[in-house]
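**Student:** Need the 3D shape of this:
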Amino acid sequence: MVGQTRLVTVPTEPMRLGDFTGVAANGIFDPLTTNTGVNPATRQRFPNDRIPASRFDPVAGRLVGLYPVPQRAGLANNYTVSPQKRSSSERADGRLDHVYSTRNNFFFRYSIDDSNLTIPDTFNTDIGGNEDSFAGPNTVRGQSLVAADTHVFRPNLIGDFRFGYTRFASFLTPTALSNPIWKEIPGRDTSDPFQPTAPIISPAGYAGLGSARSSPLIRQETMQE
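**Tutor:** Sure thing, here's the model as predicted:
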């Protein structure tokens, strides 16, 4: 288990209510007042840089409410997270040597390596967060098999027969996020069990919510010689 500390930015409590006073130097403007009859187009500023609650999308408003409240003052770097990366591994090797005769030797070996790695989401398994790519549980199994038979046909003719087989499988799946709001967002593919339970929500300048990037990632490779 390895811990890490990260300083991220979350919305302030006034922002959650639509109050962006002092946030943007040039103000917050209403997109519904866009005037394209002039060049360049213009928009009217929200009074006191406050967006009315009636203009909030119901789901978006609830998503903003998922963020933890800031731990310190300021608009940026106001929340500390300490997610923990967990890993475990189990390895085993088996070998067999057998001498059939003075002219024939046989060798066999099998190895297996099972690893489990969980890269954490930024916040938790309820709301997720995507500052780390490849977050989620990752199960990896590596297997190898080698067999060899050495046979002396005559003093000047020796046969060395070898076979090798390697198999690698890695299953990185998204964290199954538990907050019920994720099921209310349309467009999810619920027919594929490997698909994320939530979208990637990554507002510029703020910590993200939902699923991490780059998952699922499933690899299966086999080689024999």
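**Student:** Centre of the chain to the longest helix seen in the chain, how far?
**Tutor:** The longest helix of the chain (DSSP state H) is helix 58-64. On the basis of CA atoms, centre = their mean, to the nearest Å, helix 58-64 is displaced by 23 Å from the centre of the chain it belongs to.
**Student:** Run me through the strand neighbours of the helix or strand following that helix, direction for each.
**Tutor:** Per DSSP states H and E, the first helix or strand lying C-terminal to helix 58-64 is strand 79-81. The pairing partners recorded for strand 79-81 under DSSP bridges are strand 6-8 (antiparallel).
**Student:** Could you pull out the buried residues of the strand it pairs with?
**Tutor:** With burial defined by 16 or more other CB atoms under 10 Å, the residues of strand 6-8 counted as buried are Val8. Any C-beta I mention is one placed from the backbone N, CA and C, and that applies to glycine too.
**Student:** Pull the residues that contact it.
**Tutor:** Asn77, Tyr79, Thr80, Val81, Ser82, Pro83, Thr122, Glu131, Tyr206, Ala207 (CB atoms under 8 Å, 6 or more residues apart in numbering).
**Student:** what about stretch 173-186, start to end distance?
**Tutor:** In stretch 173-186, first residue to last residue: 21 Å (CA to CA, to the nearest Å).
**Student:** could you give the mean pLDDT of that stretch?
**Tutor:** Averaged over stretch 173-186, pLDDT sits at 89.
**Student:** Perfect, that will be all.
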